[in-house]
Structure formats: structure tokens, C-alpha cells
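Enquirer: heads up, no residue letters with this:
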Ligand SMILES: [Mg+2]
């Protein structure tokens, strides 16, 4: 039933789960970026970031026009975090290897971050046909249908043929609207949103179901 599907995986919070630890590291890098670029102290940087977050869903969206810095430089900087503490998960690698479907990673972060993470957790990058990142999505990201459409068009895929594994319900809601089958990873303590077709406690349980 699922053998002909294409499996599309988010990375952070989906292929591994360490709570908000990586998110917090990225947040610290965001602060560091504005401190360096605008020559601010801690408090001033906090004010700038708070203001940006009132108006934009993602910090990067304030760049270019409002702050004259490259979105690429910003993403490369904030995603360059030390994730060497992530636990190894060879069982996940073994499960992925057994899945006959084509697999992709679709992430708002950067390819470098994906490869760093895969290396540390012990999941081979060649389990995946390709990695599509925030740069490839032209910084539209997964809260915007355009980000998904760029991904689909790039590989000649149709949303109806794709399962999306993701820990962020907001991204799943967008994906569902354009025709993906949606698989929420985690958040078992909350009510399953109607736009999530499936929900599993973790990625390995999900893979067992779709194998
Ligand atoms: Mg995620």
C-alpha cells in the first residue's frame, strides 16, 4: 500500500529528538549574528530579535530589505551549531535501509547541518536520494506552500505520492493543503490535529508502519 510512495523526512525533531536543545543552540547563534553584524550588546540584540519576531514567522525573513545581510550567510551561520552530543541511532539507519521507497530530506536548515547530524547519529546520507534545504526553497520554507512546490518541481514529484514525516504541525498543515499525506512525529500528549493523517511517537515506529 505504501511501497510506491515517496518518503519525505524533516530532520530536526523528526529523525532525532532531543527536545529543544538544538533549537536553543540555533537561537544563540541568531543572537550572535545580530550582535556581530550590528555591533550590539546582548540586551540590544534581544530587542532587535524580539521586534523581528513580532512581525515575521522566521528571523531570516527580516533580512535583505530590512537588514542588509545575505539570507544565505545568515542561514549558514545560525545552522552551524555543535550537535556532537546527539545520540547515535544505528537502528534507524537499519530501518531506513530496509525501506524500498525513495527517500528525501526536506529541511528549513542547511545541507551542511543535515550532513553533520546524519554523521553523528550514524544514519548514512545515501539512504536519501537527495537533501533539499532552506537555500533550495529560496528561503520560502515549509510554512509556505511555495517551499513545498519548489521541492516537488525540482524532483518531478506529485504531492499525492509523498508521505511527509514532520514534528512541526504547522508545516504539516501546509503540506496537507497541497496534497501530501501527513505523518506527525511526536506530540502524543496532545489531540491529533485533523490535518495529520497519521501520528507516531517516534520515527522508528512510523517506519515500521509504512515498511
Ligand atoms: Mg523539525
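Expert: Nice, I can see it. Note that the structure is predicted; figures quoted are calculated from it, not measured.

Enquirer: in this protein, what residue comes closest to the ion?
Expert: residue 13 (3.6 Å; CB to the ion). For glycine as for every other residue, the C-beta is placed from the backbone atoms N, C-alpha and C.

Enquirer: where does that residue land on pLDDT?
Expert: Per-residue pLDDT puts residue 13 at 97.

Enquirer: ok, how many other residues are close to the closest residue to it other than its chain neighbours?
Expert: Counting by CB to CB, 6 or more residues apart in numbering, residue 13 lies nearest to residue 167, which is 3.7 Å off, once chain neighbours are set aside. When counting by other CB atoms under 10 Å, one arrives at 19 neighbours for residue 167.

Enquirer: residue 167: what's it in contact with?
Expert: By CB atoms under 8 Å, 6 or more residues apart in numbering, the residues touching residue 167 are 10, 12-14, 17, 184-187.

Enquirer: switch the cut-off to 7 Å
Expert: Contacts for residue 167 (CB atoms under 7 Å, 6 or more residues apart in numbering) come out as 10, 13-14, 185-186.

Enquirer: same thing with residue 202?
Expert: 17, 185-186.

Enquirer: max-length helix in the protein?
Expert: helix 21-38 (DSSP state H).

Enquirer: on contacts alone, who are the packing partners of it?
Expert: When contacts are defined as 3 or more CB pairs under 7 Å, 6 or more residues apart in numbering; DSSP states H and E, helix 21-38 sits against helix 42-55, helix 71-78.

Enquirer: and that helix with helix 42-55, angle?
Expert: 110 degrees (axes from the mean of the first three to the mean of the last three CA atoms, to 10 degrees).
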